[in-house]
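>>> Any chance you can model this:
(chains A and B)
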Amino acid sequence: MNLLVCISKTPDTTARITFKDDFTKFDESGIQFIMNPFDEFYSLVRAVELKEQFGGTVTVLNVGPAANDIIIRKALAIGADKAVRINAEPTSAYFVASQIAEYAKDKNFDIIFFGKETIDYNGGEVMGMVAEKLDLPFVHLASHLDVEGKTGKLDRDIEGGVEKVEVEMPFVVSASKGMAEQRIPNMRGIMMAKRKPLEVMEPIEVKDLVEIVKYELPKEKSGVKLIDPENVKELVRLLHEEAKVI
Amino acid sequence: MKILVFIDNRKNILKKADLELAYYGHSVAKKHGGDVVAMVVGSGVNAGDLGKFGAKEVINVPYNGSYDVAVFSNMISQIADQTGAELIVLPHNSSGKPLIGWLASKMNISSVTGVINIPEYIDDKPVFKKGVFSSKAFAYVKTLTDIAVVSLMPNSFSPEEVGNPVDVKTIEIDGGLPKVKVVGVEKVEGKVPLPEADIIVSGGRGMKGPENWGILEELAEVLGAATACSRPVSDVNWRPHTEHVGQTGIVVRPNLYIALGISGAIQHLAGVNNSKTIVVINKDPEAPFFKAADYGIVADLFEVVPELTKALKEYKSEK
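Numbers count the residues shown, from 1 in each chain, chains lettered A, B, ... in the order given. All right, here's what the predicted structure looks like:
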């Protein structure tokens, strides 16, 4: 099976988010970066499992600067066979999707994997754009994926349950929690990753269709109102009269 | 300006989220001028009621096939062309999330997901607010093309009645054959889906084990709330992963979020801190969640939660 896994770099989940230049730019100083958890835990691991089951190749693809090589090496350590980095700052979903589609259009991938969204910009748009550009069937928010013959059998998360769907390869899928279990790379994987090929390619020219004008931090809460545990009726009163939520 | 709102109505019911879309379109039109056209894919039953919530025109596109992003996008882009829509609004749920990227790419237009505001205009272009860094911050995103598509975060606007039912016009569109086939649906019946819930009761490790969830469920029941949990709880399979709220689970914004025995790790707060009101019950007064809470009770949850359920039952019966 010829599998492509697209990965992103995001700030660590514990990162404190701050901005600079009058709230127009994300302040990266002191930030630890990681592979986007939805890409790493679910989508990449499931692709590697399918390769182990059926044979084939897992290629990881990242659009980003050279500093991203560290997360690409981690993906190789987890079990991907080779990697490609498109050497560009990812400025928007449309920009990234255009780069991925350009790379993938003549490679005959059976399945193109994504995490359901990145934990920084929370867009969840790149995969749909790639599917459209390549005219491939697309299943978003999949928490389960099996392959039988040429058919993908998936569970797609819907409100309050799952939709069972079937689709013929090739297709594009995005993984939500549940598609696989996190894998910690072992020493052998880490050593082997150093010798696996990482190809760097230059981007195509693409114009962004959106622009982030500024950022804002949530308003601080004015402070918690503590209620006497002996008097929970007071909480009911406050929720009704003050907060007006019941 | 024509504002096109998309409603997936294959289940023959109008949900609160659907009314919210019509009302959101109305609110944008009220501020910036224009009319709302609601496009209802499905049977179109009762679709005229969208008029009450702000739709000036309701178009039914009959369809009862599988959910397929390509088919739905074909329908939406054709209706957008026919109506001359400048803003297309999708729901930010399992029906709208898959569509937005595809539709933006197909139509070569700007897109913003999970919007929560009525846009302001800068240089004649609308600027939308959305949560980023999993709700640790907000971004104001300017769309640059003449037409834009956005997905509206559920529970961002409370729909109000602002008009009367309208006639439903039917337009047949051939969106093509679905390549993705839905072969079944598994639903947890009788439960409020998390992203749509107005009230959520959520449990953490302080619940001590899955066998103790009864008190949480009783509290949820009296409130008509959905149940949720923290990541450690779903990781050890006390509760299904579909209940995991937080940065790597589901991000929610209910009116009321009640956290029982959840310490409030930054990853959990990221998923909930856009809730309107947060109540934290925890026996540890140093739990970081209290800093993000509106109301708190420092106590053993196993003692205080049944008391709270009782007090709420009394309150409900007095109403």
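>>> rest of the way, CA atoms for contacts and neighbours
Fine.
>>> residue contacts, the closest residue to B:I122 other than its chain neighbours?
Of all residues not flanking B:I122 in the chain, B:K142 sits nearest, at 7.8 Å (CA to CA, 6 or more residues apart in numbering or on different chains). Contacts for B:K142 were tallied using CA atoms under 8 Å, 6 or more residues apart in numbering or on different chains; they are A:210-213, B:122, B:125-128.
>>> Output the residues you listed in TSV; the columns should cover secondary structure, neighbour count and distance to B:G42.
Formatted as TSV, those follow (DSSP: H, G, I helix; E, B strand; the rest coil; neighbours: other CA atoms under 10 Å in any protein chain shown; distance: CA to CA, whole Å):
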residue	secondary structure	neighbour count	distance to B:G42
A:V210	strand	21	32
A:E211	strand	15	35
A:I212	strand	17	36
A:V213	strand	16	38
B:I122	strand	11	37
B:K125	strand	16	32
B:P126	strand	20	30
B:V127	strand	25	31
B:F128	strand	24	29
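>>> Export those to CSV and append columns for distance to B:G114 and pLDDT.
Formatted as CSV, these follow (distance: CA to CA, whole Å; pLDDT from 0 to 100):
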residue, distance to B:G114, pLDDT
A:V210, 15, 98
A:E211, 16, 97
A:I212, 14, 97
A:V213, 17, 97
B:I122, 20, 95
B:K125, 18, 95
B:P126, 15, 97
B:V127, 13, 98
B:F128, 9, 98
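>>> With distance to B:K191 added, can I get the residues you listed in TSV?
Listed next are these as TSV, based on distance: CA to CA, whole Å:
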residue	distance to B:K191
A:V210	38
A:E211	39
A:I212	38
A:V213	40
B:I122	42
B:K125	41
B:P126	37
B:V127	36
B:F128	32
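>>> I'd like to know how far the residue lying closest to A:A80 once chain neighbours are set aside sits from B:G206.
Closest residue to A:A80 apart from its sequence neighbours, by CA to CA, 6+ apart: A:V58 at 4.9 Å. A:V58 sits 41 Å away from B:G206, going by CA to CA, to the nearest Å.
>>> When the two are compared, which one has more neighbours?
The neighbour comparison of A:V58 against B:G206 (other CA atoms under 10 Å in any protein chain shown) goes to A:V58, with 26 against 18.
>>> Checking the closest residue to B:A55 other than its chain neighbours next. Helix, strand or coil?
Computed as CA to CA, 6+ apart, the closest residue to B:A55 that is not its neighbour in sequence is B:V36, at 4.9 Å. At B:V36 the chain is in strand, as set by DSSP: H, G, I helix; E, B strand; the rest coil.
>>> Pretty sure B:V36 sits against B:K52.
No: the criterion here is CA atoms under 8 Å, and B:V36 misses it with B:K52 at 11.7 Å.
>>> ok, those two, which is more surrounded?
Taking other CA under 10 Å, B:V36 and B:K52 do not tie; B:V36 has more neighbours (28 against 19).
>>> who's in contact with that one?
Contacts for B:V36 (CA under 8 Å, 6+ apart) come out as B:2-5, B:22, B:25-26, B:29, B:54-57.
>>> and the longest strand along chain A, what other elements does it pack with?
If you go by DSSP state E, chain A has its longest strand at strand A:138-148. The contact analysis (3 or more CA pairs under 8 Å, 6 or more residues apart in numbering or on different chains; DSSP states H and E) places strand A:138-148 against helix A:126-134, strand A:151-158, strand A:171-175, helix B:97-107.
>>> Note down every partner strand of that strand and its orientation.
Sheet partners assigned to strand A:138-148 using DSSP bridges are listed as strand A:151-158 (antiparallel), strand A:171-175 (parallel).
>>> mind putting those in TSV, mean neighbour count included?
Output for those, formatted as TSV (neighbours: other CA atoms under 10 Å in any protein chain shown):
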stretch	mean neighbour count
strand A:151-158	21
strand A:171-175	26
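>>> so A:H240, which of the three states?
Under the three-state scheme (three-state DSSP), A:H240 adopts helix.
>>> what's the spacing between it and B:N155?
Going from A:H240 to B:N155 by CA to CA gives 19 Å.
>>> So for those two, which sits in the more crowded spot?
The residue with more neighbours, out of A:H240 and B:N155, is B:N155; 20 against 13, by other CA under 10 Å.
>>> and that one, backbone torsions?
Per-residue torsions, B:N155: phi 70, psi 20 (degrees, to the nearest 10).
>>> OK, contacts around it?
By CA under 8 Å, 6+ apart, the contact set of B:N155 is B:17, B:20, B:196, B:198, B:253-254.
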